[in-house]
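> Build me a model from this:
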Amino acid sequence: MIDSRFLAAAAVLFVAGAAPALAQDATSSAATDPQIADDYDKDSVTIGIGGAYVPDYDGSDNYRISPGPVAIGSVKGFNFSVIGNRGSVDLISNRPGQKIDLQFGPIAVLNFDRSTLSTIDDPRIRALGKRSTAVELGGYVGLGKTGIITSPYDRLAVSVSYRQGVTGAHRSYIWQPTINYITPLSRKAAVGFYGSAQYVGQGYADTYFTITPTQSIASGLPAFNARKGWKNYTAGGFATYSLTGNLLHGFKIVAGGGYTRLLNDYSYSPVVRIAGSKSQWLGAVGVAYTF
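Below you'll find the model as predicted:
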(Lines give C-alpha, C1' and ligand atoms only; values in the text may rest on other atoms or scores of the structure.)
Protein backbone atom coordinates (compact mmCIF):
# COMPACT_ATOMS: atom_id res chain seq x y z
CA MET A 1 0.00 0.00 0.00
CA ILE A 2 1.31 3.46 -0.93
CA ASP A 3 1.31 5.99 1.88
CA SER A 4 2.28 9.56 2.64
CA ARG A 5 5.92 8.67 3.35
CA PHE A 6 6.25 7.22 -0.15
CA LEU A 7 4.84 10.47 -1.50
CA ALA A 8 7.63 12.42 0.19
CA ALA A 9 10.31 10.07 -1.09
CA ALA A 10 8.83 10.05 -4.59
CA ALA A 11 8.99 13.83 -4.56
CA VAL A 12 12.72 13.50 -4.00
CA LEU A 13 12.99 11.51 -7.21
CA PHE A 14 10.50 13.24 -9.46
CA VAL A 15 10.29 16.74 -7.93
CA ALA A 16 6.54 16.41 -7.69
CA GLY A 17 5.47 18.79 -4.92
CA ALA A 18 3.01 21.32 -6.35
CA ALA A 19 4.81 21.75 -9.68
CA PRO A 20 3.83 18.82 -11.90
CA ALA A 21 6.34 17.58 -14.52
CA LEU A 22 9.01 20.04 -13.36
CA ALA A 23 11.84 17.59 -13.87
CA GLN A 24 10.54 16.60 -17.27
CA ASP A 25 10.21 20.20 -18.46
CA ALA A 26 13.62 21.32 -17.29
CA THR A 27 15.69 18.36 -18.42
CA SER A 28 13.94 18.39 -21.77
CA SER A 29 15.85 21.61 -22.57
CA ALA A 30 19.25 20.08 -21.91
CA ALA A 31 20.51 20.55 -25.48
CA THR A 32 20.20 23.20 -28.19
CA ASP A 33 20.02 21.27 -31.45
CA PRO A 34 16.75 21.51 -33.48
CA GLN A 35 15.72 17.90 -32.82
CA ILE A 36 15.92 18.33 -29.05
CA ALA A 37 14.01 21.62 -29.23
CA ASP A 38 11.35 20.02 -31.42
CA ASP A 39 11.00 17.06 -29.05
CA TYR A 40 10.72 19.42 -26.10
CA ASP A 41 7.57 20.98 -27.52
CA LYS A 42 5.87 17.65 -28.19
CA ASP A 43 3.52 15.75 -25.90
CA SER A 44 5.46 13.53 -23.52
CA VAL A 45 4.66 11.05 -20.75
CA THR A 46 7.04 9.45 -18.24
CA ILE A 47 6.02 6.41 -16.22
CA GLY A 48 8.08 4.72 -13.52
CA ILE A 49 8.26 2.47 -10.51
CA GLY A 50 10.31 3.13 -7.42
CA GLY A 51 11.20 1.77 -4.03
CA ALA A 52 11.33 4.18 -1.10
CA TYR A 53 12.97 3.87 2.32
CA VAL A 54 10.47 5.59 4.60
CA PRO A 55 9.42 5.83 8.28
CA ASP A 56 6.66 3.49 9.47
CA TYR A 57 4.49 6.53 10.26
CA ASP A 58 4.89 10.29 10.39
CA GLY A 59 7.35 10.71 13.27
CA SER A 60 8.60 7.11 13.50
CA ASP A 61 12.20 6.04 14.08
CA ASN A 62 11.54 2.66 12.41
CA TYR A 63 11.81 2.36 8.63
CA ARG A 64 10.62 0.10 5.84
CA ILE A 65 10.68 -0.24 2.06
CA SER A 66 7.55 0.87 0.20
CA PRO A 67 7.01 0.54 -3.58
CA GLY A 68 4.90 2.83 -5.70
CA PRO A 69 4.15 4.01 -9.27
CA VAL A 70 4.79 7.39 -10.87
CA ALA A 71 3.42 9.05 -14.02
CA ILE A 72 4.18 12.61 -15.14
CA GLY A 73 3.59 14.25 -18.49
CA SER A 74 2.52 17.11 -20.68
CA VAL A 75 -0.31 16.87 -23.22
CA LYS A 76 -1.09 19.90 -25.43
CA GLY A 77 0.81 22.08 -22.95
CA PHE A 78 -1.06 20.86 -19.86
CA ASN A 79 1.18 19.23 -17.25
CA PHE A 80 -0.05 16.45 -14.96
CA SER A 81 1.36 14.06 -12.39
CA VAL A 82 0.27 10.96 -10.51
CA ILE A 83 2.90 10.19 -7.90
CA GLY A 84 2.18 7.50 -5.35
CA ASN A 85 -0.98 8.57 -3.57
CA ARG A 86 -1.08 12.09 -5.04
CA GLY A 87 -2.41 13.46 -8.32
CA SER A 88 -2.39 16.99 -9.75
CA VAL A 89 -3.01 18.86 -13.00
CA ASP A 90 -1.77 22.28 -14.15
CA LEU A 91 -4.76 23.92 -15.84
CA ILE A 92 -2.67 26.73 -17.39
CA SER A 93 -1.33 25.55 -20.74
CA ASN A 94 2.33 26.20 -21.61
CA ARG A 95 3.27 27.58 -25.06
CA PRO A 96 6.29 26.29 -27.03
CA GLY A 97 9.47 28.06 -25.95
CA GLN A 98 7.81 29.67 -22.93
CA LYS A 99 10.26 30.81 -20.20
CA ILE A 100 7.76 31.88 -17.53
CA ASP A 101 5.38 29.17 -16.30
CA LEU A 102 2.25 30.20 -14.39
CA GLN A 103 0.79 27.22 -12.52
CA PHE A 104 -2.71 26.65 -11.17
CA GLY A 105 -4.69 23.48 -10.68
CA PRO A 106 -6.27 20.85 -8.45
CA ILE A 107 -4.57 18.34 -6.13
CA ALA A 108 -5.93 15.12 -4.65
CA VAL A 109 -4.16 13.06 -1.98
CA LEU A 110 -5.00 9.81 -0.20
CA ASN A 111 -3.39 9.95 3.25
CA PHE A 112 -2.71 6.41 4.48
CA ASP A 113 -0.76 7.42 7.61
CA ARG A 114 -1.33 4.79 10.34
CA SER A 115 -4.19 3.24 8.38
CA THR A 116 -2.45 -0.18 8.36
CA LEU A 117 -1.19 -1.20 11.79
CA SER A 118 0.65 -4.27 10.50
CA THR A 119 3.31 -2.01 8.93
CA ILE A 120 4.08 -0.30 12.28
CA ASP A 121 6.72 -1.99 14.45
CA ASP A 122 6.16 -0.02 17.67
CA PRO A 123 3.41 -1.68 19.79
CA ARG A 124 2.70 1.61 21.58
CA ILE A 125 1.72 3.29 18.32
CA ARG A 126 -0.38 0.29 17.29
CA ALA A 127 -2.18 0.58 20.66
CA LEU A 128 -3.25 4.14 19.78
CA GLY A 129 -5.55 2.66 17.18
CA LYS A 130 -5.97 2.57 13.44
CA ARG A 131 -6.68 5.74 11.45
CA SER A 132 -9.01 5.76 8.47
CA THR A 133 -7.62 6.70 5.09
CA ALA A 134 -8.08 10.45 4.64
CA VAL A 135 -9.11 11.95 1.30
CA GLU A 136 -7.53 15.40 0.91
CA LEU A 137 -8.64 17.68 -1.93
CA GLY A 138 -7.38 21.13 -2.84
CA GLY A 139 -5.32 23.11 -5.29
CA TYR A 140 -2.09 25.00 -5.87
CA VAL A 141 -0.67 28.11 -7.51
CA GLY A 142 2.92 28.54 -8.60
CA LEU A 143 5.45 30.31 -10.77
CA GLY A 144 8.35 28.76 -12.68
CA LYS A 145 11.24 30.37 -14.59
CA THR A 146 13.60 28.68 -17.05
CA GLY A 147 17.15 30.08 -17.39
CA ILE A 148 18.11 31.16 -13.87
CA ILE A 149 21.68 30.38 -12.77
CA THR A 150 23.73 27.74 -14.55
CA SER A 151 22.43 27.94 -18.14
CA PRO A 152 19.44 28.98 -20.28
CA TYR A 153 17.91 25.62 -19.37
CA ASP A 154 17.97 25.35 -15.59
CA ARG A 155 14.67 25.96 -13.84
CA LEU A 156 13.39 27.37 -10.55
CA ALA A 157 9.78 27.06 -9.38
CA VAL A 158 7.96 28.20 -6.26
CA SER A 159 4.41 27.28 -5.31
CA VAL A 160 1.94 26.98 -2.47
CA SER A 161 -0.77 24.35 -2.15
CA TYR A 162 -3.82 23.94 0.05
CA ARG A 163 -5.58 20.66 0.85
CA GLN A 164 -8.66 19.95 2.94
CA GLY A 165 -9.57 16.58 4.41
CA VAL A 166 -13.04 15.82 3.08
CA THR A 167 -13.52 12.29 4.42
CA GLY A 168 -11.74 9.71 6.57
CA ALA A 169 -9.36 10.27 9.48
CA HIS A 170 -9.40 14.07 9.54
CA ARG A 171 -11.37 16.96 8.05
CA SER A 172 -8.65 19.53 8.54
CA TYR A 173 -6.36 21.51 6.24
CA ILE A 174 -2.72 21.48 5.09
CA TRP A 175 -0.86 24.47 3.65
CA GLN A 176 2.39 23.61 1.86
CA PRO A 177 4.86 26.09 0.30
CA THR A 178 7.42 24.44 -2.00
CA ILE A 179 10.54 25.48 -3.90
CA ASN A 180 12.23 23.37 -6.60
CA TYR A 181 15.40 23.85 -8.62
CA ILE A 182 16.70 21.59 -11.38
CA THR A 183 19.60 21.87 -13.78
CA PRO A 184 20.60 19.59 -16.65
CA LEU A 185 24.24 18.51 -16.74
CA SER A 186 24.03 17.03 -20.24
CA ARG A 187 21.50 15.32 -22.50
CA LYS A 188 21.78 12.26 -20.25
CA ALA A 189 21.94 13.67 -16.71
CA ALA A 190 20.30 16.22 -14.42
CA VAL A 191 20.33 17.09 -10.73
CA GLY A 192 17.91 19.01 -8.57
CA PHE A 193 17.08 20.24 -5.09
CA TYR A 194 13.83 21.00 -3.30
CA GLY A 195 12.46 22.32 -0.05
CA SER A 196 8.99 22.48 1.48
CA ALA A 197 7.12 22.96 4.76
CA GLN A 198 3.66 22.11 6.08
CA TYR A 199 1.24 24.09 8.23
CA VAL A 200 -1.66 21.95 9.46
CA GLY A 201 -4.97 22.57 11.18
CA GLN A 202 -6.25 21.45 14.57
CA GLY A 203 -8.11 18.42 13.25
CA TYR A 204 -4.93 17.10 11.65
CA ALA A 205 -2.95 17.71 14.86
CA ASP A 206 -5.54 15.87 16.97
CA THR A 207 -5.77 12.90 14.60
CA TYR A 208 -2.08 12.09 14.34
CA PHE A 209 -0.28 13.74 17.27
CA THR A 210 -2.72 14.22 20.20
CA ILE A 211 -2.97 11.36 22.76
CA THR A 212 -6.20 11.18 24.74
CA PRO A 213 -6.35 9.83 28.33
CA THR A 214 -7.93 6.62 27.02
CA GLN A 215 -5.19 6.19 24.42
CA SER A 216 -2.60 6.92 27.11
CA ILE A 217 -3.85 4.01 29.22
CA ALA A 218 -3.86 1.68 26.22
CA SER A 219 -0.41 2.63 24.92
CA GLY A 220 1.56 3.63 28.01
CA LEU A 221 2.42 6.96 26.38
CA PRO A 222 1.52 10.15 28.31
CA ALA A 223 -1.53 12.16 27.30
CA PHE A 224 -0.78 15.12 25.05
CA ASN A 225 -2.75 17.86 23.30
CA ALA A 226 -1.17 18.95 20.01
CA ARG A 227 -2.02 22.36 18.56
CA LYS A 228 -2.28 23.53 14.98
CA GLY A 229 0.78 25.17 13.42
CA TRP A 230 3.91 24.48 11.42
CA LYS A 231 4.40 20.73 11.40
CA ASN A 232 7.69 20.22 9.57
CA TYR A 233 10.16 21.33 6.94
CA THR A 234 11.77 19.10 4.33
CA ALA A 235 14.88 19.48 2.16
CA GLY A 236 16.38 17.08 -0.35
CA GLY A 237 18.03 16.45 -3.68
CA PHE A 238 17.97 14.00 -6.55
CA ALA A 239 19.77 12.92 -9.72
CA THR A 240 18.55 11.25 -12.90
CA TYR A 241 20.56 9.57 -15.68
CA SER A 242 19.39 8.30 -19.05
CA LEU A 243 20.15 4.67 -19.90
CA THR A 244 19.18 4.98 -23.58
CA GLY A 245 20.67 8.16 -25.04
CA ASN A 246 18.93 11.24 -23.60
CA LEU A 247 16.39 12.24 -21.01
CA LEU A 248 13.69 12.89 -23.61
CA HIS A 249 13.25 9.26 -24.65
CA GLY A 250 13.60 5.78 -23.24
CA PHE A 251 14.73 4.47 -19.88
CA LYS A 252 16.35 6.42 -17.06
CA ILE A 253 17.31 5.79 -13.46
CA VAL A 254 16.52 8.20 -10.65
CA ALA A 255 17.77 8.33 -7.08
CA GLY A 256 17.64 10.79 -4.23
CA GLY A 257 17.24 11.49 -0.56
CA GLY A 258 15.71 13.97 1.82
CA TYR A 259 15.50 15.07 5.43
CA THR A 260 12.35 16.12 7.31
CA ARG A 261 12.36 17.83 10.71
CA LEU A 262 9.22 17.85 12.83
CA LEU A 263 8.56 21.16 14.61
CA ASN A 264 6.70 22.68 17.56
CA ASP A 265 4.04 20.48 19.22
CA TYR A 266 4.58 17.80 16.60
CA SER A 267 8.16 17.23 17.74
CA TYR A 268 7.05 17.22 21.41
CA SER A 269 4.20 14.74 20.97
CA PRO A 270 5.01 11.40 22.67
CA VAL A 271 4.28 9.79 19.29
CA VAL A 272 7.54 11.44 18.19
CA ARG A 273 9.50 12.42 21.31
CA ILE A 274 9.19 9.04 23.09
CA ALA A 275 8.17 6.48 20.49
CA GLY A 276 9.83 8.02 17.43
CA SER A 277 12.16 10.79 16.29
CA LYS A 278 11.74 14.38 15.13
CA SER A 279 14.37 13.73 12.45
CA GLN A 280 13.01 11.77 9.48
CA TRP A 281 15.16 10.44 6.64
CA LEU A 282 13.88 9.50 3.21
CA GLY A 283 15.52 7.70 0.32
CA ALA A 284 14.34 6.32 -3.00
CA VAL A 285 15.54 4.75 -6.23
CA GLY A 286 13.56 3.97 -9.33
CA VAL A 287 13.42 3.31 -13.05
CA ALA A 288 11.35 5.40 -15.47
CA TYR A 289 10.53 5.39 -19.17
CA THR A 290 9.71 8.45 -21.29
CA PHE A 291 7.74 8.21 -24.52
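
> Mind jotting down where the strands sit in the stretch 51-200 of the chain?
For the stretch 51-200 of the chain, the strands identified by DSSP state E, counting those that start in this stretch occupy 63-75, 78-83, 86-89, 100-111, 134-146, 155-167, 173-184, 189-200, in order along the chain.

> of all those strands, which lies closest to W230?
Proximity of these to W230 was assessed by Cβ to Cβ; the nearest stretch is strand 189-200, lying at 5.2 Å. C-beta: built from backbone N, CA, C; applies to glycine.

> tell me how far the closest one is from the chain's mean position?
Mean C-alpha position of strand 189-200 versus that of the full chain (Cα atoms, centre = their mean, to the nearest Å) differs by 8 Å.

> Which elements pack onto the helix or strand following that strand?
Sequence-wise, the next helix or strand downstream of strand 189-200 (DSSP states H and E) is helix 202-208. Helix 202-208 makes packing contacts with strand 229-242 when contacts are defined by 3 or more Cβ pairs under 8 Å, 6 or more residues apart in numbering; DSSP states H and E.

> how about the strand it packs on: buried residues?
Buried residues in strand 229-242, counted by 16 or more other Cβ atoms under 10 Å: K231, N232, T234, G236, G237, F238, T240, S242.

> picking that back up, could you export the strands of the stretch 51-200 of the chain as CSV, including distance to I211, mean neighbour count and mean pLDDT?
Output for those, formatted as CSV (distance: least, Cβ to Cβ, whole Å; neighbours: other Cβ atoms under 10 Å; pLDDT from 0 to 100):
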stretch, distance to I211, mean neighbour count, mean pLDDT
strand 63-75, 23, 18, 86
strand 78-83, 31, 22, 87
strand 86-89, 28, 21, 90
strand 100-111, 19, 18, 94
strand 134-146, 19, 19, 95
strand 155-167, 20, 20, 95
strand 173-184, 21, 21, 93
strand 189-200, 17, 21, 93
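
> Reformat these as a markdown table; add distance to S279.
Formatted as a markdown table, these follow (distance: least, Cβ to Cβ, whole Å):
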| stretch | distance to S279 |
| --- | --- |
| strand 63-75 | 12 |
| strand 78-83 | 24 |
| strand 86-89 | 23 |
| strand 100-111 | 21 |
| strand 134-146 | 24 |
| strand 155-167 | 24 |
| strand 173-184 | 20 |
| strand 189-200 | 15 |
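
> So which of the ones you listed is nearest A127?
Using Cβ to Cβ as the criterion, the shortest distance between A127 and the strands of the stretch 51-200 of the chain is 19.2 Å, found for strand 63-75.

> ok, back up a step: between the buried residues of strand 229-242, which is closest to G144?
Distance ranking of the buried residues of strand 229-242 against G144, using Cβ to Cβ, places F238 first at 17.1 Å.

> right, and the closest one touches K252 too?
No: the pair F238 / K252 is not scored as a contact, 11.7 Å apart, by Cβ atoms under 8 Å.

> okay, how far is it across stretch 73-84, tip to tip?
Here the two ends of stretch 73-84 are set 15 Å apart, with distance taken as Cα to Cα, to the nearest Å.

> any idea how far A223 is from the residue of the chain most remote from its centre?
Outermost residue of the chain with respect to the C-alpha centroid, by Cα atoms, centre = their mean, is I217; its distance is 34.9 Å. Here the distance between I217 and A223 works out to 9 Å (Cβ to Cβ, to the nearest Å).

> before we move on, back to that, can you convert the buried residues of strand 229-242 into TSV and add a column each for pLDDT and distance to S172?
TSV is the format used below for the buried residues of strand 229-242 (pLDDT from 0 to 100; distance: Cβ to Cβ, whole Å):
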residue	pLDDT	distance to S172
K231	98	11
N232	97	15
T234	94	19
G236	91	25
G237	90	30
F238	88	30
T240	88	35
S242	90	42
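
> could I get those residues as CSV with distance to A190?
Listed next are the buried residues of strand 229-242 as CSV, based on distance: Cβ to Cβ, whole Å:
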residue, distance to A190
K231, 30
N232, 27
T234, 20
G236, 15
G237, 11
F238, 9
T240, 5
S242, 9
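
> Looking at the residues you listed, which one is closest to G283?
Comparing the buried residues of strand 229-242 against G283 with Cβ to Cβ places G236 closest, at 9.3 Å.
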